[in-house]
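Asks: take a look and give me a structure for this.
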Amino acid sequence: LSLHFYMLLHILLICMYYVDNQETITADSKQNVNLTCQVPNKTDPIIVVEWKWSRPDINQTYVLLYQDGHFDPASQHPSFKNRVDLQDRQMKDGDVSLILKDVTTNDTGTYECHVRGQKSKNRLILQVSEAASWLLMFVSKDVVQLNRLSPGTQSILKLLL
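Replies: Numbers count the residues shown, from 1 in each chain. Here you go, the predicted model:
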């Protein structure tokens, strides 16, 4: 086989080594979202947890930085202030999952979890949509109409009584 093939294979193996998991999560705006991250075979205390976020128009920035037993709010992107926390602050069994509260469409992007001292990273893609709302209308005494309103779409359901 060619040298190019072996180089490509090597690059793919490196990528698989450093990015263990990539998952896509969908949510409606105003929901709380749990972004899971688990440290495999945790034996040593967790000293530094980094949760980073990026999207095409924003370079990678911190959502949450935990180091030396404390959260570092100065490193955090302003849009995440008072909206993120670790699911388990004790990080028992290596659980460093992130809770993101009251999501908006601006939170859409790629989230990456990394625990220093671990070679692997966990990458998740979050896609947030505007929550749909329902509008109830009585068209006549025998017909009820439900309108589902979402940005860019509208669904109508007529119920005959």
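
Asks: could you list the domains of this structure?
Replies: For the chain, the structural domains run 19-129, 132-161, going by automatic domain parsing.

Asks: including mean pLDDT and mean neighbour count, could the ones you listed go into JSON lines?
Replies: Using the backbone N, CA and C atoms, a C-beta is placed for each residue, glycine as well. JSON lines is the format used below for the domains of the chain (pLDDT from 0 to 100; neighbours: other Cβ atoms under 10 Å):
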{"stretch": "domain 19-129", "mean pLDDT": "90", "mean neighbour count": "15"}
{"stretch": "domain 132-161", "mean pLDDT": "60", "mean neighbour count": "10"}
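
Asks: for Gln87, which non-adjacent residue is closest in space?
Replies: For Gln87, ignoring the flanking residues on the chain, the nearest one in space by Cβ to Cβ, 6 or more residues apart in numbering is Ser97 at 4.1 Å.

Asks: any chance of the backbone angles for that neighbour?
Replies: phi -60, psi 150 (degrees, to the nearest 10).

Asks: same thing with Lys81?
Replies: Taking degrees, to the nearest 10, you get phi -60, psi 130 for the backbone angles of Lys81.

Asks: and it, what is it in contact with?
Replies: For Lys81, the contact set (Cβ atoms under 8 Å, 6 or more residues apart in numbering) comprises Pro73.

Asks: please renumber the chain so that the first residue is 54 from this point on.
Replies: Understood, numbering begins at 54; the last thing we discussed is Lys134.

Asks: where's it relative to Asp110, distance?
Replies: 20 Å (Cβ to Cβ, to the nearest Å).

Asks: now Val101
Replies: 27 Å.

Asks: now do Asn175
Replies: Per Cβ to Cβ, Asn175 is found 23 Å from Asp110.

Asks: which strand or helix spans Asn112?
Replies: Here Asn112, judged by DSSP states H and E, is contained in strand 111-120.

Asks: show me the contact partners of that strand.
Replies: By Cβ under 8 Å, 6+ apart, strand 111-120 touches 99-107, 124-125, 128-130, 133, 137-139, 151, 153, 162, 164-165.

Asks: run the last query once more with 7 Å
Replies: Around strand 111-120, the neighbours that count as contacts under Cβ atoms under 7 Å, 6 or more residues apart in numbering are 100-107, 124-125, 128-130, 133, 137, 151, 164.

Asks: strands - which of those residues land there?
Replies: Per DSSP state E, strands hold the following members of the contacts of strand 111-120: Val101, Val102, Glu103, Trp104, Lys105, Trp106, Ser107, Phe124, Val137, Leu151, Tyr164.

Asks: just these now: which is nearest Ala80?
Replies: When those are compared for distance to Ala80 (Cβ to Cβ), Tyr164 comes out closest, at 12.1 Å.

Asks: noted, bye for now.
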